[in-house]
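*Asks:* fold the following.
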Amino acid sequence: MERGRRLQYVVTIAVLLLTTAMGIFNAWQPVMTGKIWVQRGPIHLDSVAFDKISLMTLIGYYTGAVFAGICCDVFGRRTTILFSAIIFEVGTIFAATAIKLWMLCAMEFLWQFACGTVTITAGIYLAEIADPEIRGMLLVATKFTVFLGRTLILSIKEEVAYDKMNYWLLIVAPLAFVACYPIPESPYYHLRNNNEEEARKAFARLRQNVGTETIQTQFDRLKSHTDKELEDSKWFVKCLINKRYTKAIIASFGMELIFIMSGIITIHNYYYTIAEESDVTLPLNWVFVLYVTIPCIIGIVSAILVDRVGRRALYLTSFYWFGLTHLLRAIKESGGNAGIFCAYGTVAAIGFVFTYYCLPETKNKSLGEVQEMLQGKKYLNNMELTNIL
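*Replies:* Predicted coordinates for the structure are as follows:
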């Protein structure tokens, strides 16, 4: 079985190079702007300027996420992944030539646009090509490599000037583009575009076991699920009002809203300010190292555990500790900061409850089985009737 998954692992490694690049660009922005601020570089930065750059983080990321959702179905998963590498490169060109604040804002918007695109597309792509037994591990690996990219930047941030580093970063996105260029398109995308022959070839390549009954059975099941989905998913609004998709929509939008309101993005963007204003006795550099190293360790552990204990259990554990740390921080703080951390802790508690009651476990389940679980017996009965016909 592992031999038949060889191409799945190779393809994942190529995608992981792009997610590593995403971590590099994600970490370099606060380091670069911090260096410009400390060294009084060619761009005047103050609190207003940092707020503008942070605003571009949110706008860019979620614009890229929406774009990915559309582009994946129109142009394909592979094309969208390659396009995101190009956007990373354009953003890096702005970084290397930035002499005005608007250029830094454009850099951040493009980098975060590409980050949003990669986050959505890589998750969809790997979920569609990977076997259920290893899908969780591969998806968690993408999160781990993001932290790995951040670690690479933070390990050398004191050794290089920001302007020279920008020129070195110009080669990162092209390397990721070259690595991802040979990956096959998702069979699911080919089926959505009525290209059954290409879908069959891609499916067989990813399983590396052409012509066997097992592969044919799996492909027929995938085709049956896809055909059923295409019957009711022609229009976005129709999907929103269709009761079949209610559970999936609530789960997706609910988790994304909790992610936004939990403070993860805010803490990342204002890390320097939070670290400087805290009362920790450790040097700021050590705090920064711990900020990146701990998530890397947790990422490795999660990749090992995700296919053993399940996704839902890891979500519950994460929300528990995330909420606890924020509430403890709120107790130590005073004034407005206490209210902010208390709000983040409350959101984490809501996330725990939401996960417990609204998110099903997807461990060792194919995409079709997850659809059946979310859409209920009516969907399952319709699928059985389709298979019989």
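*Asks:* so what's Gln39 scoring on pLDDT?
*Replies:* For Gln39, the model assigns a pLDDT of 63.
*Asks:* from now on call the first residue 723
*Replies:* Sure, I'll start counting at 723 from here, so that last one is Gln761.
*Asks:* and Ala1025, how close does it get to Thr755?
*Replies:* 31 Å (Cβ to Cβ, to the nearest Å). The C-beta positions use only the backbone N, C-alpha and C, and glycine is treated the same way.
*Asks:* those two - which one has more neighbours?
*Replies:* Thr755 (24 against 18; other Cβ atoms under 10 Å).
*Asks:* isn't the more buried one right up against Phe772?
*Replies:* Yes. Under the criterion of Cβ atoms under 8 Å, Thr755 makes contact with Phe772 at 7.0 Å.
*Asks:* measure the most centrally placed residue in the chain to Gln834 for me?
*Replies:* Centrality entry for the chain: nearest residue to the mean C-alpha point is Thr841, 2.9 Å, by Cα atoms, centre = their mean. Distance of Thr841 to Gln834, computed by Cβ to Cβ: 10 Å.
*Asks:* sec struct for the closest residue to Gly1045 other than its chain neighbours, please.
*Replies:* The spatially closest residue to Gly1045, leaving aside those adjacent along the chain, is Ala1070, at 3.1 Å (Cβ to Cβ, 6 or more residues apart in numbering). Secondary structure for Ala1070, judged by DSSP: H, G, I helix; E, B strand; the rest coil, is helix.
*Asks:* what is the burial count for Ala1070?
*Replies:* As a burial measure, Ala1070 scores 23 neighbours (other Cβ under 10 Å).
*Asks:* ok, it touching Phe1044?
*Replies:* Yes. Ala1070 lies in contact with Phe1044 (Cβ under 8 Å); the separation is 4.5 Å.
*Asks:* shared neighbours, the two?
*Replies:* Contact criterion Cβ atoms under 8 Å, 6 or more residues apart in numbering; residues shared by Ala1070 and Phe1044: Ser984.
*Asks:* confidence-wise, which helix or strand of this structure is lowest on average?
*Replies:* Sorting the helices and strands of the chain by mean pLDDT, DSSP states H and E puts helix 1089-1110 at the bottom, at a mean of 57.
*Asks:* got a list of what Ala1071 touches?
*Replies:* Here Ala1071 is in contact with Phe1041, Gly1045 (Cβ under 8 Å, 6+ apart).
*Asks:* so what pLDDT did it get?
*Replies:* Value for Ala1071, per-residue pLDDT: 89.
*Asks:* right, and Leu848 touches Gly858 too?
*Replies:* No. Contact status for Leu848 versus Gly858: not in contact, 10.0 Å apart, counting by Cβ under 8 Å.
*Asks:* who's in contact with Ala895?
*Replies:* Ala743, Ala807, Ile808, Phe810, Glu811, Thr814.
*Asks:* among the residues you listed, which two are most distant?
*Replies:* Spatial extent of the contacts of Ala895 (Cβ to Cβ) is set by the pair Ala743 and Ile808 at 12.0 Å.
*Asks:* between those two, which one's more packed in?
*Replies:* Ala743 (29 against 14).
*Asks:* the more buried one contacts Ile893, doesn't it?
*Replies:* No. Assessed by Cβ under 8 Å, Ala743 is found out of contact with Ile893, at 10.3 Å.
*Asks:* need the residues touching each of these two.
*Replies:* The contact sets of Ala743 and Ile893 do not overlap (Cβ under 8 Å, 6+ apart).
*Asks:* the residue nearest to Gly1045 and Ala895: what is the separation?
*Replies:* Applying Cβ to Cβ to Ala1070 and Ala895 gives a distance of 34 Å.
*Asks:* just Leu1081 next, same as before
*Replies:* When distance is defined by Cβ to Cβ, Leu1081 is 34 Å away from Ala895.
*Asks:* then Gln751?
*Replies:* Going from Gln751 to Ala895 by Cβ to Cβ gives 15 Å.
*Asks:* kindly report the same for Ala852.
*Replies:* 25 Å.
*Asks:* residues contacting Cys794?
*Replies:* Neighbours of Cys794 in contact, by Cβ under 8 Å, 6+ apart: Thr802, Ile842, Thr843, Ile846, Tyr911.
*Asks:* what's the answer for Val812, then?
*Replies:* Taking Cβ under 8 Å, 6+ apart, one finds Leu832 in contact with Val812.
*Asks:* put the alpha carbons of the helix or strand it falls within into PDB.
*Replies:* Val812 belongs to helix 799-819 when assigned by DSSP states H and E. Provided in PDB are the C-alpha atoms of helix 799-819 (Å, rounded to 0.1, in the frame of the first residue of the first chain):
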ATOM      1  CA  ARG A 799      -5.900  23.100  -8.300                       C
ATOM      2  CA  ARG A 800      -2.500  22.800 -10.000                       C
ATOM      3  CA  THR A 801      -2.900  26.000 -11.900                       C
ATOM      4  CA  THR A 802      -4.000  27.900  -8.800                       C
ATOM      5  CA  ILE A 803      -1.000  26.600  -6.800                       C
ATOM      6  CA  LEU A 804       1.400  27.700  -9.600                       C
ATOM      7  CA  PHE A 805      -0.300  31.100  -9.800                       C
ATOM      8  CA  SER A 806       0.200  31.700  -6.100                       C
ATOM      9  CA  ALA A 807       4.000  31.200  -6.500                       C
ATOM     10  CA  ILE A 808       3.900  33.900  -9.200                       C
ATOM     11  CA  ILE A 809       2.100  36.200  -6.800                       C
ATOM     12  CA  PHE A 810       4.700  35.500  -4.100                       C
ATOM     13  CA  GLU A 811       7.400  36.600  -6.600                       C
ATOM     14  CA  VAL A 812       5.600  39.800  -7.500                       C
ATOM     15  CA  GLY A 813       5.300  40.700  -3.800                       C
ATOM     16  CA  THR A 814       9.000  40.000  -3.300                       C
ATOM     17  CA  ILE A 815       9.800  42.400  -6.100                       C
ATOM     18  CA  PHE A 816       7.900  45.100  -4.300                       C
ATOM     19  CA  ALA A 817       9.800  44.200  -1.100                       C
ATOM     20  CA  ALA A 818      13.200  44.400  -2.800                       C
ATOM     21  CA  THR A 819      12.400  47.800  -4.400                       C
END
